[in-house]
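>>> Here's my sequence, what's the structure:
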Amino acid sequence: MTARGQAFIESDVAARMVGATKIHGETPMPSSQLHYLPLTPPSFSILVGLFILLAVFIQLGILRYAYISIGVSSRAALLLLFGSLIGSYVNVPVAQLAEQQIMSGREITYFGMHYIVPVVQDWPGTVIAVNVGGALIPTVMSIYLLAKRQLWRAGFLATACVAAPVNQ
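As a prediction, this is how the structure comes out:
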């Protein structure tokens with residue numbers, strides 16, 4: 001295939017991607033890669049049910065000690081829970097790793113002998129993303145608690161104690 005034909009096919013594919021998102025001027029990627037439900041619908045329904053149960057407990061004051069001890073109101077606690085649940089559906093793209101061509105072995109049989117022949121395959125690019133409900137909201141809440149309670153030194157020490165054995 002000529003370079004012109006390849007460029008035409010790539011532009012045609014890029015033009016067909018509906019709702020495509022560009023990151024830092026690179027080729028567009030389908031938005032279906034950015035937004036997906038990380039759980040099966042029955043599991044997500046169970047989480048929604050647990051959220052409703054927690055919302056009822058918060059409104060009844062059963063979890064009053066928990067959210068008062070961290071220094072938030074019942075409305076803010078409910079908003080944090082709801083934000084984490086809904087935010088688990090949203091991923092914010094941070095970077096995109098380029099596509100690569102990789103060599104993989106394919107076994108063929110020729111006159112009864114087995115040979116492994118390297119085959120070049122296109123490896124699609126990888127999107128590095130941050131989940132809103134699982135990363136951003138808990139991080140903001142943790143920074144808020146560290147600042148409010150003046151626990152920066154203890155927080156850094158606890159982080160170092162966990163990071164040291166994990167990164168060995």
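>>> what's the distance between the residue located most distally from the centre of the chain and residue 101?
Relative to the centre of the chain, and counting by Cα atoms, centre = their mean, the farthest-placed residue is residue 111 at 48.6 Å. Look at residue 111 and residue 101: by Cβ to Cβ, to the nearest Å, they are 30 Å apart. Where you see a C-beta, it was placed from the backbone N, CA and C, and this is true even at glycine.
>>> quick one: contacts for residue 88?
For residue 88, the contact set (Cβ atoms under 8 Å, 6 or more residues apart in numbering) comprises 38, 131, 132, 133, 134.
>>> again, only using 6 Å
For residue 88, the contacting residues are 133, 134, by Cβ atoms under 6 Å, 6 or more residues apart in numbering.
>>> Checking residue 104 next. Helix, strand or coil?
strand (DSSP: H, G, I helix; E, B strand; the rest coil).
>>> distance of it from residue 77?
Distance, residue 104 to residue 77, by Cβ to Cβ: 50 Å.
>>> and the two? which has more neighbours close in?
A side-by-side neighbour count of residue 104 and residue 77, using other Cβ atoms under 10 Å, places residue 77 first with 19 against 11.
>>> how far away is the residue farthest from the centre of the chain from residue 68?
Taken as Cβ to Cβ, the span from residue 111 to residue 68 is 79 Å.
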